[in-house]
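Visitor: Need coordinates for the following:
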Amino acid sequence: MRKIIYLICLLVFCLQGCEKEAEYQYDDVNRLYFEFVDSVRFSFGKLPEEITTDTAKIVVRLLGNSSTQPRTYRVKVLAKGNRLQGTTDMVPGEDYEPLTEKQVFGPNRFQDTLRIVLHRDHLSSSFRNPVYKTLILALESGDDFEVALDQGREMKLSVNNFLSAPVWWEEYSASFGWYHPQKWLMLIELDPAFADENSYDGTAASVQIKAAVMEDWLNKNVIIDEETGMRITKSGLEEIDEKN
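Guide: Below is the predicted model:
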């Protein structure tokens, strides 16, 4: 009997907690937060070399009521993250266009986009010694919005100039082997679905077929890593046999 009473009390407590959380999330205060609560990666590596400027797009979401009128919010560049690890090492005017602190949130929307213009000229293109430059952003209360959640207040933008491994590569590394940008580009030629950095939705059979084609291509052709002059293989880089 005591166990039953205990379980009933526990259930009531949990329901009350849920109600309090709902009241917090859906009160009358309009709050903003970054859609991604950690970091966004931007790479110039997939772009042609002649493109030296591009725009990173950071999604800002609304927790509250939309408006028929444009509203403003505030965002700052932090020298060092308060909630996120890392520091800002991107130089304004050199690596990115200086960011206006006051931004516009469009009418009739529950999300908008913070656009940051990036420059490529001062980024390293080395694949063997990869270098990322970072920008720590923070939303601030004021104007028409408050800041929503602690974990959505800050955002780290990481920028590079090489073709870094897509998120899904590790999952299929047994089939595709060691990562190299040339191998990824070859897979994209076989199947444009590989161009998605975040996921590949092909079947296991399709992966095995593409992996076999890629391995045959690497075996029959001497594909050179431009940075080292070594041959690209499934398992890594190899010195070129001058006798062959």
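Visitor: Could you look up the next helix or strand downstream of the helix or strand bottoming out on mean pLDDT in the chain?
Guide: Sorting the helices and strands of the chain by mean pLDDT, DSSP states H and E puts helix 2-25 at the bottom, at a mean of 42. Where DSSP states H and E defines the elements, the next helix or strand beyond helix 2-25 is strand 31-34.
Visitor: I'd like the distance between the closest residue to N65 other than its chain neighbours and P107.
Guide: Of all residues not flanking N65 in the chain, N30 sits nearest, at 6.0 Å (C-beta to C-beta, 6 or more residues apart in numbering). All C-beta atoms are positioned from the backbone trio N, CA, C, and that covers glycine. With distances taken as C-beta to C-beta, to the nearest Å, N30 is found 13 Å from P107.
Visitor: tell me, what's touching these two both at once?
Guide: Common neighbours of N30 and P107 (criterion: C-beta atoms under 8 Å, 6 or more residues apart in numbering): R71.
Visitor: how long is stretch 75-85 end to end?
Guide: One end of stretch 75-85 sits 18 Å from the other (C-alpha to C-alpha, to the nearest Å).
Visitor: Distance check, A205 against Q151.
Guide: Separation of A205 from Q151 (C-beta to C-beta) stands at 40 Å.
Visitor: Over to I116?
Guide: For I116 relative to Q151 (C-beta to C-beta), the value is 21 Å.
Visitor: Pick out whichever of those two has more residues nearby.
Guide: Taking neighbours as other C-beta atoms under 10 Å, I116 and Q151 compare with I116 leading, 21 against 12.
Visitor: ok, now which ones touch the more buried one?
Guide: Contact analysis of I116 by C-beta under 8 Å, 6+ apart lists 55-58, 96-97, 99, 135, 157.
Visitor: Switch the residues you listed over to TSV; also include distance to S199 and neighbour count.
Guide: Converted to TSV, the contacts of I116 look like this (distance: C-beta to C-beta, whole Å; neighbours: other C-beta atoms under 10 Å):
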residue	distance to S199	neighbour count
T55	23	12
A56	20	18
K57	19	10
I58	20	19
Y96	28	22
E97	31	15
L99	30	16
L135	25	26
L157	21	24
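Visitor: possible to save those as a markdown table with pLDDT and distance to Y179?
Guide: Formatted as a markdown table, the contacts of I116 follow (pLDDT from 0 to 100; distance: C-beta to C-beta, whole Å):
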| residue | pLDDT | distance to Y179 |
| --- | --- | --- |
| T55 | 96 | 27 |
| A56 | 94 | 23 |
| K57 | 93 | 26 |
| I58 | 93 | 27 |
| Y96 | 98 | 27 |
| E97 | 97 | 32 |
| L99 | 94 | 33 |
| L135 | 96 | 25 |
| L157 | 94 | 23 |
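Visitor: In strands, which of the residues you listed appear?
Guide: Among the contacts of I116, DSSP state E puts 55-58, 135, 157 in strands.
Visitor: measure the residue nearest the centre of the chain to G236 for me?
Guide: Centroid-nearest residue in the chain, with C-alpha atoms, centre = their mean: V40, separated by 3.0 Å. V40 is 30 Å from G236, where distance means C-beta to C-beta.
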